[in-house]
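Visitor: turn this into a structure:
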Amino acid sequence: MQAALQISHLHTATSESLDALIRGKAAELEQFYPRITSCHVRIEAPSHHHRRGKGAHFRVRIELSVPGKTLVVSRDPPQHGTNEDVYLATTEAFHEMRRQLQDFAREQRGEVKTGARLPRARVARLHPEEGFGFLETPDGREIYFHRASVLEHGFERLSIGSEVRFSEEAGEKGPQASSVHLVAAV
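Guide: Sure, this is the predicted structure:
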């Protein structure tokens, strides 16, 4: 990274284990795309006027600068469930940032074709409490997807049988869907 990683904690004490998680996730992004110019991660807990402890809702914001663009991910509690676990909220925010960075890298390499139709699939299995599911393609393949891959905060609107468009990529355990877009709900 051309500039040092910045980590800010607002209304919450600094946590060495959380900062270590953030440094590790930022290093993973840099291995994927080495031309990152800066990264600022802000963890925000409710102010002293709001609830603390169990039921506290964390907001995670990542601003990542790359040549010619700033990518932003904001995991806000009202949009993304409760975010009671700051480690889970942080991991999901970095997952979303990786997806954005992958899209940016494809764009830079000229691999994104404008106007290209994304393949369609239907939601075959859904695990909302764990934040993931599986798509079934017309040729019968099952493809994993994560809540952070669903565009426009659409994970909560998905149900079994929902039709989606998606981009496919190689995941750690096989094919996975990124940039999942809800077409129609059943």
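
Visitor: what residues sit buried inside the strand of greatest length in the chain?
Guide: Of all the segments assigned as strand in the chain under DSSP state E, the longest by residue count is strand 174-184. When neighbours are counted by 16 or more other Cβ atoms under 10 Å, the buried residues of strand 174-184 are found to be 176-182. Bear in mind the C-beta positions are built from the backbone N, C-alpha and C, glycine included.

Visitor: with stretch 158-170 instead?
Guide: Judged by neighbour count (16+ other Cβ under 10 Å), stretch 158-170 contains these buried residues: 158, 162, 164-168.

Visitor: okay, Pro46: pLDDT?
Guide: Residue-level confidence at Pro46 comes out at 68, pLDDT.

Visitor: strands - which of the buried residues of stretch 158-170 land there?
Guide: Per DSSP E, the buried residues of stretch 158-170 map to strands at 164-168.

Visitor: the residues you listed into a markdown table, with extra columns for distance to Phe134?
Guide: Listed next are these as a markdown table, based on distance: Cβ to Cβ, whole Å:
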| residue | distance to Phe134 |
| --- | --- |
| Val164 | 11 |
| Arg165 | 16 |
| Phe166 | 12 |
| Ser167 | 16 |
| Glu168 | 13 |
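
Visitor: ok, those residues vs Pro34, which is closest?
Guide: Within those, proximity to Pro34 (Cβ to Cβ) peaks at Ser167, which comes in at 22.5 Å.

Visitor: need the ones in strands among the buried residues of stretch 158-170 in TSV (columns: pLDDT).
Guide: Compiled in TSV, these are given as follows (pLDDT from 0 to 100):
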residue	pLDDT
Val164	91
Arg165	89
Phe166	89
Ser167	86
Glu168	84
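
Visitor: where along the chain do the helices fall?
Guide: 16-32, 86-109 (DSSP state H).

Visitor: and the angle for the first one with helix 86-109?
Guide: Orientation note: helix 16-32 sits at an angle of 10 degrees relative to helix 86-109 (axes from the mean of the first three to the mean of the last three Cα atoms, to 10 degrees).
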